[in-house]
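Q: Kindly return the folded structure for what I paste below:
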Amino acid sequence: MNGRSGVIVVGSVHTDLIATADAMPTPGSSVLGTRFTLAPGGKAGNQAAQLARLGVPTVLISRIGTDSLGDVIAAQLAGTGIDLTYLARSTLDPTGASTVFAVSGEYASIIVPGAAAGLTDADLDAAESAFRASRFALAQLELGPDLAHAALSRARTSGSTTVLNASPIHGADPDVLAQVLDVTDVLVVNRHEAAILFHAPMTDRQAIAAAASMLNDRFDLKATIITCGSEGAVLVRGDAVIELPAWPIDVVDTVGAGDAFLGGLVAAWYGGSDDRAALRFAAAAGALAASGSGAFTSLPNRPAVEAFLQSCG
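A: Numbers count the residues shown, from 1 in each chain. I've put the predicted structure just below:
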């Protein structure tokens, strides 16, 4: 691809504070938990870490604080092999944090972006050479659609394949979100996010495939992938519809499973896989992440994904 190499990931990095329990607390109540984990998180950090663990040269653009949590995150991200040249350290704002409640394999969280919210066009300007060199560019919505639009517009102009993980989608300005989709090549969403985009419930595989096809047509996307949790995933590119059932696993929690899926998908494409093989690889990465605890700590490496695929036949 014209000598391009590597993937650039733009977005949020923060600390996950994960409490696991048998029941979700209701307003005004407390429950006793069974486990507590503190680990790096944030969609951009997780996706970049997953790509790096799968052997893909990866550049991360984000911001953390100069506090102790920032020190821990920087060290753990560096341990995956991510290029942290453009991970800025803010002296004004603390490292962001997310309180995560994990119950029966599902989770709910409150994200406070902290220093990452200060990511600006100046940070993207500083990484111009990385944009020009990257084959793929990834963005999410944790820091809002404006930043995603700025990052993917720059990547599109630079000639990268742009990938949007439209999550979290709640509260996103519809007009700005449409602008982001206009500079997106590949859209990855879960069933609930697709329902918001499509203004209709995703009740079955036929409706999901139809929604993906219409999103492709409306925004001139090259492909849309809709993940359906325990029911697998659907990829639509042109007239081709690829459906993949979920792998049978014992779910510990799904924190970070979507990020593992996305990292696996782009890593497989980066390595030359076709859509079907890439979807299988992505689903395997997501399944392995869901079978472990936490986000960052459960992201699999390539030997683990390949061994899982071999065991599944």
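Q: In three-state terms, label the spatially closest residue to P201 that is not a sequence neighbour for me.
A: Nearest residue to P201 in three dimensions, chain neighbours excluded: A195, at 5.4 Å (C-beta to C-beta, 6 or more residues apart in numbering). For glycine as for every other residue, the C-beta is placed from the backbone atoms N, C-alpha and C. On the three-state scheme (DSSP: H, G, I helix; E, B strand; the rest coil), A195 is labelled helix.
Q: count of neighbours near A195?
A: Other residues near A195 number 19, with proximity taken as other C-beta atoms under 10 Å.
Q: all helices for the stretch 51-200 of the chain, in order.
A: In the stretch 51-200 of the chain, the helices defined using DSSP state H, counting those that start in this stretch lie at 68-79, 121-126, 128-133, 145-158, 174-182, 191-198.
Q: sorry, back to before: now the residue nearest to P201: how far from T224?
A: Counting by C-beta to C-beta, to the nearest Å, the gap from A195 to T224 is 13 Å.
Q: From what I see, the residue nearest to P201 and M202 are in contact.
A: Yes. Using C-beta atoms under 8 Å, A195 is in contact with M202, at 5.0 Å.
Q: Contacts for stretch 208-216 next, please.
A: 181, 187, 191, 194, 197-198, 200, 202, 221-226, 228, 234-238, 241, 243 (C-beta atoms under 8 Å, 6 or more residues apart in numbering).
Q: residue nearest the centroid of this protein?
A: Against the mean C-alpha coordinate of the chain, by C-alpha atoms, centre = their mean, the closest residue is D259 at 3.6 Å.
Q: What count of nearby residues applies to the closest residue to that residue other than its chain neighbours?
A: Once flanking residues are discounted, D259 sits nearest to N46: 3.6 Å by C-beta to C-beta, 6+ apart. Per other C-beta under 10 Å, the neighbour tally for N46 reads 32.
Q: tell me the contacts of N46?
A: 40, 256, 259-260, 263, 295-296, 299.
Q: so how far is D121 from L187?
A: Applying C-beta to C-beta to L187 and D121 gives a distance of 23 Å.
Q: And for C228?
A: According to C-beta to C-beta, C228 and D121 sit 36 Å apart.
Q: do the same with L181
A: 20 Å.
Q: V236 now?
A: Counting by C-beta to C-beta - V236 and D121 are separated by 33 Å.
Q: So between those two, which is more surrounded?
A: Legend: neighbour count by other C-beta under 10 Å for V236 and D121, higher for V236 (25 against 12).
Q: The residue lying closest to that one once chain neighbours are set aside and L32, how far apart?
A: Leaving aside its chain neighbours, V236 sits nearest to A212 (3.8 Å; criterion: C-beta to C-beta, 6+ apart). To L32, A212 is 42 Å away according to C-beta to C-beta.
Q: again, but for A151
A: A151 sits 42 Å away from L32, going by C-beta to C-beta.
Q: mind listing what the residue lying closest to A233 once chain neighbours are set aside touches?
A: Distance criterion C-beta to C-beta, 6+ apart; nearest residue to A233, sequence neighbours excluded, is T227 at 4.6 Å. Counting by C-beta under 8 Å, 6+ apart, T227 touches 188-191, 233, 258, 261, 286.
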